[in-house]
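*Asks:* below are the sequence and a predicted model for it; my questions follow.
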Amino acid sequence: MAMSANGGMATKKPQVTVYVADEVNAALDKAAGDERRSRSQMAALLIEEALKARGYLPTDSTEN
């Protein structure tokens, strides 16, 4: 896999840019730190969980 200009791994995944309130930004930082994830990984996980909870994505068959 190719390296990006900033030294990270390049990805072919689509990007989404969002603007959030200061409180949401702080909560994202805390959640990411607590779970030892990057901000991007945490945001992607939270978006996926919310879309599943609202019925826009199928839930995994292994989840209860």
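*Replies:* Good, I have the coordinates.
*Asks:* make it CA atoms for all contacts and neighbour counts henceforth
*Replies:* Will do.
*Asks:* centroid residue for the chain?
*Replies:* Nearest to the mean C-alpha position of the chain, counting by CA atoms, centre = their mean, stands residue 44 at 1.8 Å.
*Asks:* so that residue is in which element?
*Replies:* Under the assignment given by DSSP states H and E, the secondary-structure element containing residue 44 is helix 39-53.
*Asks:* what are the ranges of the helices in the chain?
*Replies:* Along the chain, the stretches classed as helices by DSSP state H are 22-34, 39-53.
*Asks:* now those in CSV, with distance to residue 15 and mean pLDDT?
*Replies:* CSV is the format used below for the helices of the chain (distance: least, CA to CA, whole Å; pLDDT from 0 to 100):
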stretch, distance to residue 15, mean pLDDT
helix 22-34, 17, 98
helix 39-53, 10, 97
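*Asks:* so which of those comes closest to residue 12?
*Replies:* Between residue 12 and the helices of the chain, the shortest separation by CA to CA is 14.5 Å, and it involves helix 39-53.
*Asks:* list the helices and strands the closest one packs on?
*Replies:* For helix 39-53, the elements it packs on are helix 22-34, judged by 3 or more CA pairs under 8 Å, 6 or more residues apart in numbering; DSSP states H and E.
*Asks:* and the helix it packs on, what's buried?
*Replies:* Judged by neighbour count using 16 or more other CA atoms under 10 Å, the buried positions of helix 22-34 are 28-29, 31-32.
*Asks:* adding distance to residue 38, write these out as CSV.
*Replies:* As requested, the buried residues of helix 22-34 are exported to CSV (distance: CA to CA, whole Å):
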residue, distance to residue 38
28, 10
29, 9
31, 10
32, 6
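*Asks:* pick out whichever of these sits closest to residue 54.
*Replies:* Comparing every one of the buried residues of helix 22-34 with residue 54 (CA to CA), the shortest separation belongs to residue 28, at 20.2 Å.
*Asks:* who are the contact partners of the closest one?
*Replies:* By CA atoms under 8 Å, 6 or more residues apart in numbering, residue 28 lies in contact with 39, 42-43.
*Asks:* ok, now which ones touch residue 42?
*Replies:* So residue 42 contacts 28, 31-32 (CA under 8 Å, 6+ apart).
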